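J.: Show me the folded form of this:
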Amino acid sequence: MPRRRNMGAAEKNSVLCIEFGTSKISALRGTVDKGGNPVVVNFSSAPSENSVCKGEIVDVSAASAILDKVLARLDPKGGRGTDKGRIYCSVSGPSIRSRQGEGNVMIYDGDRQVTRNHIIEAVEKAESIALPPEQIALNTFDSYFMLDSRYRTANPLGHSATRLDAFVHSISADRNRIDTVRSLIRDLGFDGSVSCVFSGIGSLYAVLREDEKQKGALLIDIGAGLTEYALVKQDGILLSGVIPVGMDNLANDLSLGLDLGIDQCRKFLWENQLERVTESGGSFLEFAGGSHNVKRRIPTGSFEKIIDARLSELFSILREKVAEGGLSRQIESGIVVTGGGALFSSVPHTLRSVMGLHVRRGDVTDVSGVLNDLAPSCRYASLLGLLKLASEDLEINGNGKLGQMGDMLEGVGGKIMRKLKDIKGAFKI
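T.: Below is the predicted model:
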């Protein structure tokens, strides 16, 4: 029999956020302060031990056991209570799919003024994209609206037009993968619903500034097994996806190219050893082991050549995906790179070279509480972004506060409340 987690009165506004990463399984319990700001109450993490591969659970029993240990440390007194419906889990993997839906309505009213009903009808048409049976809708966000196929706007209500087009960004995932995640969590004793969010959206929400969301920015999250990306402008998602390449691929390249152990190469990358040596004027790195098990002095240039080749390939793929959608000009604020890969010094340099845009590291802001074990914060951007999303959900559902789109469409159930700043209604599972 699974253990049941009972909620105490003090945990009324508590949320549990979970992330199954390629290198680690993490969880945090959070809440909101009196001002509605996210607060980390407790955090715990443990190595995934090969139970997760490129963001997808491949060994359910092992992943369940690791998460159970993580939760035990999270709530050492055994009070793993959480409010029903207050469980959020970031999901990723090669099965993630995204697409832009388009819906239009003709406006025949005498004054040609766009009404709530016109907006709802256009959005519903944009959302009516048939998915393959193996896919399940995950998250949906507004992209933008067009008036008379010429004028772009984030809020068409009250404008005069003959035609209204709505563009909606929909993210889906493999149905069985999502069911596995939800079943695993419930089998540990949680009987509340599990809201699943594409982890790239969590990272975007965690590290982008308001001016970047408005002007246009490309978010890139480089993890151990995956690189996730999302392009946002005027609070609308224009592009998102997953590339199954991460820092482990770079470590593998170094291991094969230089005849080093894979764990040595992982340590080399995560500790940023190359930067330390080059900054001190060194031109060699010493390593013991390899197939000949001897101590070796390897030129820094050998590392740089392999690293540059892999990163250039990765960022060239991203550049092509942006160009395919004709979105290059939408990135007015540049690129924000986060995740563990953002700590590696070669990443921003190569990214600037390939993309030709301003690059900054995305660290998480506007979160308080127990943060000692969550530093540097960019390594936990997705998980902390999940808390920020959940805190807004608490504000909306708990205190009755609605954002701009919610106020605009009051009385229609928040049907299209899917802007980044208006998260209620964004979870489609």
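J.: burial count for the residue nearest to D68 when sequence neighbours are not counted?
T.: The shortest distance from D68 to any residue other than its chain neighbours is 5.8 Å, reached at L188 (C-beta to C-beta, 6 or more residues apart in numbering). Every residue, glycine included, has its C-beta placed from N, CA and C. Applying other C-beta atoms under 10 Å, we find 16 residues neighbouring L188.
J.: L188 against L67, yeah?
T.: Yes: A contact is recorded between L188 and L67 when judged using C-beta atoms under 8 Å, the distance being 6.6 Å.
J.: Name the residues contacting each of the two.
T.: A shared contact of L188 and L67, defined by C-beta atoms under 8 Å, 6 or more residues apart in numbering, is any residue touching both; here there are none.
J.: buried residues in stretch 300-308?
T.: Of all the residues in stretch 300-308, those buried under the rule 16 or more other C-beta atoms under 10 Å are 300, 303, 306-307.
J.: Check those and tell me the two furthest apart.
T.: When C-beta to C-beta is used, the two most widely separated members of the buried residues of stretch 300-308 are T300 and I306, lying 11.2 Å apart.
J.: Assign the residue sitting furthest away from the middle of the chain to helix, strand or coil.
T.: Here the centre of the chain is the reference, and by C-alpha atoms, centre = their mean the most remote residue is G110, at 44.4 Å. Applying DSSP: H, G, I helix; E, B strand; the rest coil to G110 yields a three-state assignment of coil.
J.: which one in the buried residues of stretch 300-308 is the model shakiest on?
T.: Ranked by pLDDT, the buried residues of stretch 300-308 bottom out at T300, which has 91.
J.: can you pull the contacts of it?
T.: Residues near T300 by C-beta under 8 Å, 6+ apart: 274, 277-278, 282-285.
J.: Below-threshold pLDDT in the stretch 151-300 of the chain: ranges please.
T.: Using pLDDT under 70 as the threshold, the predicted model of the stretch 151-300 of the chain has low-confidence ranges 289-293.
J.: where do the helices sit along it?
T.: Under the criterion DSSP state H, counting those that start in this stretch, the stretch 151-300 of the chain carries helices at the ranges 175-187, 199-207, 210-215, 247-258, 262-270, 273-279, 300-324.
J.: Of those, flag the one that's most buried.
T.: Burial of those is given as mean neighbour count (mean count of other C-beta atoms under 10 Å); helix 199-207 ranks first at a mean of 29.
J.: So S391 is in contact with V41, correct?
T.: No: S391 is not in contact with V41 according to C-beta under 8 Å; the separation is 11.9 Å.
J.: want to try CSV for the contacts of T300, with distance to T140 as columns?
T.: Listed next are the contacts of T300 as CSV, based on distance: C-beta to C-beta, whole Å:
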residue, distance to T140
L274, 42
V277, 47
T278, 46
G282, 51
S283, 52
F284, 53
L285, 48
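J.: which one of those residues is nearest A206?
T.: When the contacts of T300 are compared for distance to A206 (C-beta to C-beta), L274 wins out at 27.4 Å.
J.: ok, the closest one - contacts?
T.: Contacts for L274 were tallied using C-beta under 8 Å, 6+ apart; they are 268, 285, 300, 303-304, 307, 345-346.
J.: run the last query once more with 6 Å
T.: Contacts here follow C-beta atoms under 6 Å, 6 or more residues apart in numbering; on that basis L274 touches F303.
J.: And V207, by the same measure?
T.: Counting by C-beta under 6 Å, 6+ apart, the residues that V207 touches are 336, 338, 362, 364, 381.
J.: Just give the nearest non-adjacent residue to it, would you?
T.: Once flanking residues are discounted, V207 sits nearest to G362: 3.2 Å by C-beta to C-beta, 6+ apart.
J.: Run a quick neighbour tally on the one you found.
T.: Taking other C-beta under 10 Å as the neighbour definition, G362 ends up with a count of 26.
J.: With D59 instead?
T.: Should you count by other C-beta under 10 Å, D59 turns out to have 15 residues around it.
J.: and the spatially most central residue of the chain, what is it in contact with?
T.: Most central residue of the chain, judged by C-alpha distance to the mean C-alpha position with C-alpha atoms, centre = their mean, is G200 at 2.0 Å. With contacts defined as C-beta under 6 Å, 6+ apart, the neighbours of G200 are 221, 228, 230, 240.
J.: give me the number of residues near the second one?
T.: By the criterion of other C-beta under 10 Å, E228 has 30 neighbours.
J.: do the same with the last one
T.: Applying the criterion other C-beta under 10 Å, we find 25 residues in the vicinity of S240.
J.: That one against I96, yeah?
T.: No: counting by C-beta atoms under 6 Å, S240 does not reach I96; the two are 8.1 Å apart.
J.: Sort out which of the contacts of G200 are in strands and list them.
T.: Members of those lying in strands (criterion: DSSP state E): 221, 228, 230, 240.
J.: Distance of the last one relative to D221?
T.: Here S240 is placed at a distance of 11 Å from D221 (C-beta to C-beta, to the nearest Å).
J.: got it, and the second one?
T.: Remark: distance between E228 and D221 (C-beta to C-beta) = 4 Å.
J.: Quick check, A154 in contact with Q234.
T.: Yes: judged on C-beta under 6 Å, A154 makes contact with Q234 at a distance of 4.6 Å.
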